[in-house]
Every structure is written in structure tokens, then in C-alpha cells.
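In: here you go, sequence then predicted model.
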Amino acid sequence: MEKIRTRFAPSPTGYLHIGGARTALFSWLYARHHGGTFVLRIEDTDQERSTDESTKAILDAMAWMGLNCDEGPYFQAQRVDLHREMVQKLIKEDKAYYCTCTPEELEAKRKQALATGKKPKYDGTCRDKKLSKSDNSVVRFRGKQDGVTIVEDLIKGNIIFNNEELDDLIIERSDGYPTYNFAVVIDDAMMNITHVIRGDDHVNNTPRQILMYQALGFEVPKFAHVPMILGSDKTRLSKRHGATSVMAYKEMGYLPEALVNYLVRLGWSHGDQEIFSLGQLVELFSLDTVGKSPAVFNPEKLLWLNAHYIKEAHSDRLLTEMKPLWPAGINTGDDAFTKKVIADLQPRVKTLVELAATADFYFADKVSYETQAAQKFLVPDVVAHLKAIAAAIPALQTFSKDGVEEFLKAFTVEQNIKFKVIAQPLRVALTGKTVSPGIDEVMVTLGKDRVIKRINDAVAYIASGANATVQQ
RNA sequence: GGUCCCAUCGUCUAGUGGUUAGGACGCUGGCCUCUCACGCCGGAAACCAGGGUUCAACUCCCUGUGGGACUACCA
């Protein structure tokens, strides 16, 4: 069997979006699964809209997701000589012709046709004029007008098109650049792409492309059109539905494996399994199990997967991931301490950004109390307990989770109180909040010195009568 | 308008003629518990409609309906 070659061919007119990312992922997985080659080609023949920043953004996003390519990136605009050569070949063989219809004329005809209920396709005005190249001329492909073209799609099955529905599309613009539908055929053919995996917004282009493969004498590749990703209102996913940029998810504190796992399950499945590592995907992925229907993007499920992968992640890894996310002004320089903070928080956050936002109290020199929390729990009744705890801590042998738990338990027994009595006051003293990781965890992470200081601060705060002032 | 695609819980999906239609997210009741999460146990929630084919249709066929894509000198 010939070696499989797939490609991802984005146009650099913006960031890599969710839909493109999934297409890239499928294409990458297919190549990897079959031990084939994954090619990246930047389709930048639109001189107006293509930018280097976009190219970079796409490359960055693919790298972040772990979708490395074996060849490329190739740049389509650097291949125009080849495209023009092929255009000339077609002209020589009378399979393409020059056309001098102006965009205005065409637009008028289109409107006219639509208004009278006719097909808005090119009417073939210049088809047999045997024109030669002139200033604003374009080149059109001479399509077959009879018979049918069958797209054998690996996902959708056979799709049959009547050739009469297809019009003579422009393959070379007046600026001398090839159009997408032509360049994509030339490049896929010359790069020996065996499987064209792309969004199903391209199905209607496919029969014309097949005609061009045939006109050029190229072998037609296999096609696999993956269904679109829709927004919650079932229209094409766009910014209106929320973030659509892959890198925006990175910035919002998502792990790439969460995005990858989420994206692959949009359209593809493997029985009831939900969690897949990239390695597993490479092993299991198949086009046979890709569904035909479009999928609605569901941010909640992505969030759940992200929480799952954050829980699973090693704290060393998260330490690195968190580096750019900490808010300014807090000192996270002590890696050992920061890692403990991360470990406390990672089972209870859904994004890395949330982790950064909830970690503030660990790093604060002085805890700032939430008003309600302080009013309710930092009250005179608990002063004696807090003092006693602070006083006992220096003598503790094992300041571990178990050790602290044991100590607190013994303390409550000794004082003949329920743990509840001191739990929330202690939590507020230590964190300023009523919600936090377990008290034992917080104490261990903070370490004896910080714990003692914070308890003493709380005692002082209560003594100052600050709460009474607030209440008035 | 034309062409093409699609149709199982709100969402992602399993299902390939005979199932109490399964799982996951979300929602929800409970357990666990120092708070919050996590985790565990339970619940509500779906085969678009109508015709066929068949002993038997979610599953096959047709029509309708609904949704989507394309219809550029964009990709």
C-alpha cells in the first residue's frame, strides 16, 4: 500500500480557530495512525488578506496542540510559477481560456439570474471567443458540461454531481495569482497528498477540483469531508458564540490535551470512551468512525475535560504552565512552595486562570478578610482556641497533612469541642475566605511560621474590634 | 432560488432489523465532609413527521419538515 500523506492547508487570514484545529487534528491523526506523512501548507495566495502574523499564530497554535508536521510549512504564494505553468498547459490544450468579463458585469448578471429565478452561474460569454491575454483578463477552466462527477467521500459516501451544475470557474486572477480551487489541486497533486481531509464546506468545490485533476492528468486523491462545528444556535461557529481561537483557550487557562480531547470527540467516537491521550488517539483514530452530522460546540464539556486534565497533571508540569499566568505583584519565586500551592488547588479548579485567581491568599504577606467571613467567624469566642493552636504549633513533630489532622483532632478532644467550632474561624484566619482547600492542606503548604503569624494576625484583628466597627 | 450535506436526551455521542435505546457534559436528589471542590450512589431527559419494505424498524427505502454548507478575481 502506498504511503499515506495528509495535509492541513489553512489560509493565514486570522488565528487558528476551533474548526480548523479539529480538521488539522483529524488530518494529523490519520497520518500518524497510518505511519504516514503530515504536511502543512499555508494557502496565502490571497495577497490582500494574508499576513505573516496570522501564519505565525497558526504555527504557534499547532505547536501548542502538539500537531507537528513532517513537511512544511510550504507557502502557496511561493509556488505561483508552478501554478502559472499549469494554467498555460491547460490553455495550450484548450482546457482553459481567457475571459474579459468584468467583475461588475458578472455581478450584474448574477443578480439578474437570481432575480429571475435562474442559476447564478457563469454564462460562458468568453468560452469560445479564443481570447488572448490582456490587461484585466482572467483565466477560466473549461469544465465539462455533461455527464456526472462522483465524489467518493470516505465519510459521507458517494456524492453525485451533474456536471451541468458546475460552471467555468476562474483559475487565474487578473493579478496573475491562482485562485484557491486551482492552487489547491496543483499543490495537493504535486505534493502527492493521498487523503484530502477538510471541512465539509468544501464538498461543493470537490467535483470541479476532480475535473481539474483529470484535465491535468493527475491521480485524484481520496477525500474525507468532516462536518462543521456549529455554535449553540446551530449556525456556523463564530466569535458570536464565544472564543473561537485556539490560543484564546491557552490564555484562558486550558491545557492543550483538554482541547484536543474535546475536539476529537466532536464527530469522532470510540464506543463509550471519553478520555483519550494523544497516544491513544493515534492508535485508535479512524475515519470510519467519524460521524456525518455537524456538532454543536459545548464549552461546558470542554471545561470539564480541562478540570480533569488539571487534576491529572503533575505539579512540575503545572508549575511551568502557570508561569505566565500568575497575576503581577505576587512572588511565586519559591518553586517548592508554589508547587504545594498548585497541588492544593488543582483538584478544585477548572482552569489554570482560576487557579491563579484563587491562589492569592497563599502568597499574601497579610491575609485580607472577606467582610462577611470575618464578621461571622473572627469573633471573640474563638480567640482562646486560636491562641492555643498557635501556641501548640511550634512543638509539633510532624507538620504533615496527617500530623496536622491528628493534632487538630487531639486539640478538639482536649477542649471538648467539635471540629466545626474551630474549622471556619481557622480557615478565615488562614485564608480570609470561607471556601478553601482543606485546613490541614493549607496549614502544611503555608508552613508553621506563616500559620502562626496568620493566626496571631487574626487574634489581633478580633482584639482590635474591627468587626464591631464594620457592623455599624 | 439552485446544488449538496445532515437528522438518537438541551449538548457530544453509542447503536448497524428483535435492547428496559447505553455512556458523557450539563441539570438534579443523596452520601462523604472542616468549607468548596473531587469522588461515589440515584433521578429527570432522546430515536423530526408521514408513508412504505419486513413476522419485526431508531436501524433499510421514499416523501415531507427542519437545520447547515456552497453558490467570489476568499480560502
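Out: Happy to help now that I have it. Numbering: from 1, shown residues only, chains lettered A, B, ... in the order given.
In: need the residues of the stretch 51-200 of chain A near RNA strand B, please.
Out: Within the stretch 51-200 of chain A, the positions near RNA strand B by C-beta under 7 Å from any atom of the strand are A:76, A:101-103, A:106, A:110, A:114, A:117, A:119-121, A:136, A:138, A:156-157, A:159-162, A:165, A:169-170, A:173-175, A:177, A:179-181, A:200. Bear in mind the C-beta positions are built from the backbone N, C-alpha and C, glycine included.
In: show me how to select, in ChimeraX, the buried members of these.
Out: Provided next is the ChimeraX selection string for whichever of those are buried by 16 or more other C-beta atoms under 10 Å:
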select /A:76,101,106,110,138,156,159,161,169,170,173,174,177,179,180,181,200
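In: take the residues of the stretch 51-200 of chain A next to RNA strand B and keep only those in helices.
Out: Of the positions in these, A:103, A:106, A:110, A:114, A:180-181 sit in helices, assigned by DSSP state H.
In: format these as CSV; extra columns: pLDDT.
Out: Formatted as CSV, those follow (pLDDT from 0 to 100):
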residue, pLDDT
A:103, 90
A:106, 90
A:110, 86
A:114, 81
A:180, 93
A:181, 94
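In: which of those lies closest to RNA strand B?
Out: Lowest distance from RNA strand B to those (C-beta to the nearest atom of the strand) belongs to residue A:180, with 3.1 Å.
In: the closest one and residue A:405, how far apart?
Out: 65 Å (C-beta to C-beta, to the nearest Å).
In: now do the contacts for residue A:24.
Out: Residue A:24 sits next to A:8, A:10, A:16, A:62, A:65, A:67 when contact means C-beta atoms under 8 Å, 6 or more residues apart in numbering.
In: gap between the residue in the stretch 1-150 of chain A that RNA strand B sits nearest to and residue A:246?
Out: When scored by C-beta to the nearest atom of the strand, the stretch 1-150 of chain A has residue A:43 as its residue closest to RNA strand B, at 2.7 Å. Distance, residue A:43 to residue A:246, using C-beta to C-beta: 18 Å.
In: wait, what's in contact with residue A:342?
Out: A:315, A:318-319, A:322, A:355, A:359.
In: need phi/psi at it.
Out: phi -60, psi -40 (degrees, to the nearest 10).
In: got a pLDDT number for it?
Out: Per-residue pLDDT puts residue A:342 at 96.
In: relative to residue A:261, how far out is it?
Out: Residue A:342 is 21 Å from residue A:261, by C-beta to C-beta.
In: shaky segments in the stretch 151-300 of chain A?
Out: Counting by pLDDT under 70, the stretch 151-300 of chain A contains no low-confidence range.
In: mind doing that once more with 90?
Out: Residue ranges of the stretch 151-300 of chain A with pLDDT under 90: A:165, A:232-244.
In: the helices in it, which residues?
Out: A:180-190, A:206-216, A:246-251, A:256-264, A:278-284, A:299-312 (DSSP state H, counting those that start in this stretch).
In: can you add distance to residue A:394 and give these back as JSON lines?
Out: Output for the helices of the stretch 151-300 of chain A, formatted as JSON lines (distance: least, C-beta to C-beta, whole Å):
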{"stretch": "helix A:180-190", "distance to residue A:394": "72"}
{"stretch": "helix A:206-216", "distance to residue A:394": "76"}
{"stretch": "helix A:246-251", "distance to residue A:394": "44"}
{"stretch": "helix A:256-264", "distance to residue A:394": "43"}
{"stretch": "helix A:278-284", "distance to residue A:394": "49"}
{"stretch": "helix A:299-312", "distance to residue A:394": "34"}
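In: what sits against the nearest residue to residue A:249 once chain neighbours are set aside?
Out: Once flanking residues are discounted, residue A:249 sits nearest to residue A:259: 5.6 Å by C-beta to C-beta, 6 or more residues apart in numbering. Counting by C-beta under 8 Å, 6+ apart, residue A:259 touches A:21, A:65, A:246, A:249, A:302.
In: quick one, which of residue A:43 and residue A:246 is more surrounded?
Out: Summary of the neighbour comparison: residue A:43 and residue A:246, criterion other C-beta atoms under 10 Å, with residue A:246 having more neighbours (26 against 19).
In: ok, and the closest non-adjacent residue to that one?
Out: residue A:61 (4.1 Å).
In: again, but for residue A:128
Out: Using C-beta to C-beta, 6+ apart, the nearest residue to residue A:128 is residue A:97, at 8.0 Å.
In: ditto for residue A:355
Out: residue A:349 (4.4 Å).
In: what's the distance between the residue most central in space within chain A and RNA strand B?
Out: By C-alpha atoms, centre = their mean, chain A has its centre lying nearest to residue A:246, at 3.2 Å. Distance, residue A:246 to RNA strand B, using C-beta to the nearest atom of the strand, to the nearest Å: 16 Å.
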